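In: Let me see the structure of the following:
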Amino acid sequence: MLLTVKGVVLTQKPVGEQDRFIDILTDELGVLEVLVKGAGKISSKSGCATQLFAYSAFCLRKGKRGYMLDSVSPIRIFYELRDSLTAVALASYFSQIIQFSVLPQASNREIQRLFLNCLHFLSEQTYPETMLKCIFELRMAALLGFMPDVVMCRKCGEYLPKQLHFSIEEGSFCCTDCAQEAHGIEMPAAVLQAVRHIVLQELERIFSFRLQEECMTVLSSFAEQFLQYHIDHHFPALDYYRAVQSPMDSI
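Out: Model prediction:
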């Protein structure tokens, strides 16, 4: 039986000298593991369209042991990603989050669109990597069902306090006046507005906001902690991203 899907390559695993398994994120069938015969050959016709982060149209043959590639046509390869080590590391971090958290046989159209948008902006260097990382982490958390409560202070109902404490564990915030103690991440109103924008706006608009550097630092810490707490998993690619990012930060 043949199956045609559009998907993004998340990982590659060699099998013997010439073959490899790839994991692809599809919009309707979750993450599929696919055997690509002869992918390691120089003359392979599938090599380009099955490389890491390639977005392609895959024709798959389903057998008793899983899926095997029948044919493939590239849609977008994201060649420009290879120009930046930190961009590749960050894209790998996004891939690991998806592979860990996406359920099999589930519709993932929004997750796939989010990933493709982030790959595009990473490759084009349209937005700062820190901003794209925050957006992916918070929007991904929301898509996975961990939507933070960003409507109002949980005690007094104030919509936009000047300063607040956002609890990672409870997924809600209290204004500074209502917080009996410093519980959670302290953030100004501008960061709360950015969180609201990322988790509530339509996907096409979530990249259109600006924050001062100090506020972006707070947002970055919050986004990373929020996602990791709620999916309860450590991602090696995040360690690698930090490692390759540090030397560049010191220049």
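In: Leu238 falls within a helix, correct?
Out: Yes. Per DSSP: H, G, I helix; E, B strand; the rest coil, Leu238 lies within a helix segment.
In: check contacts around the most centrally placed residue in the chain.
Out: When Cα atoms, centre = their mean is applied to the chain, the residue found nearest the centroid is Phe94 (3.6 Å). Contact analysis of Phe94 by Cβ atoms under 8 Å, 6 or more residues apart in numbering lists 115, 118-119, 136. Backbone N, C-alpha and C define where each C-beta goes, glycine included.
In: In strands, which of these appear?
Out: Members of the contacts of Phe94 lying in strands (criterion: DSSP state E): none.
In: Check those and tell me the two furthest apart.
Out: The distance between the two most remote of those (Cβ to Cβ) is 10.1 Å, for Leu119 and Phe136.
In: list the buried ones in stretch 71-78?
Out: By neighbour count with 16 or more other Cβ atoms under 10 Å, stretch 71-78 contains the buried residues 72, 77-78.
In: Adding distance to Ala57 and secondary structure as columns, could you present those residues in CSV?
Out: Output for these, formatted as CSV (distance: Cβ to Cβ, whole Å; DSSP: H, G, I helix; E, B strand; the rest coil):
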residue, distance to Ala57, secondary structure
Val72, 7, strand
Ile77, 13, coil
Phe78, 16, coil
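In: Low-confidence bits of this structure, can you list those?
Out: Along the chain, the model assigns pLDDT under 70 to residues 42-43, 181-182, 246-251.
In: Select the longest helix from it.
Out: helix 213-231 (DSSP state H).
In: Show me what that one is packed up against.
Out: When contacts are defined as 3 or more Cβ pairs under 8 Å, 6 or more residues apart in numbering; DSSP states H and E, helix 213-231 sits against helix 85-101, helix 129-143, strand 185-188, helix 189-200.
In: ok so, going back, and the residue nearest to the centre of the chain, how far from Gln163?
Out: Distance, Phe94 to Gln163, by Cβ to Cβ, to the nearest Å: 31 Å.
In: Show me the contacts of Phe94 that map onto helices.
Out: Those of the contacts of Phe94 lying in helices (DSSP H): 115, 118-119, 136.
In: residues touching the closest residue to Leu192 other than its chain neighbours, list them.
Out: Beyond its immediate neighbours in the sequence, the residue positioned closest to Leu192 (Cβ to Cβ, 6 or more residues apart in numbering) is Leu164, lying 6.3 Å away. Each residue near Leu164 by Cβ under 8 Å, 6+ apart is listed here: 153, 173-176, 179, 186-189, 192.
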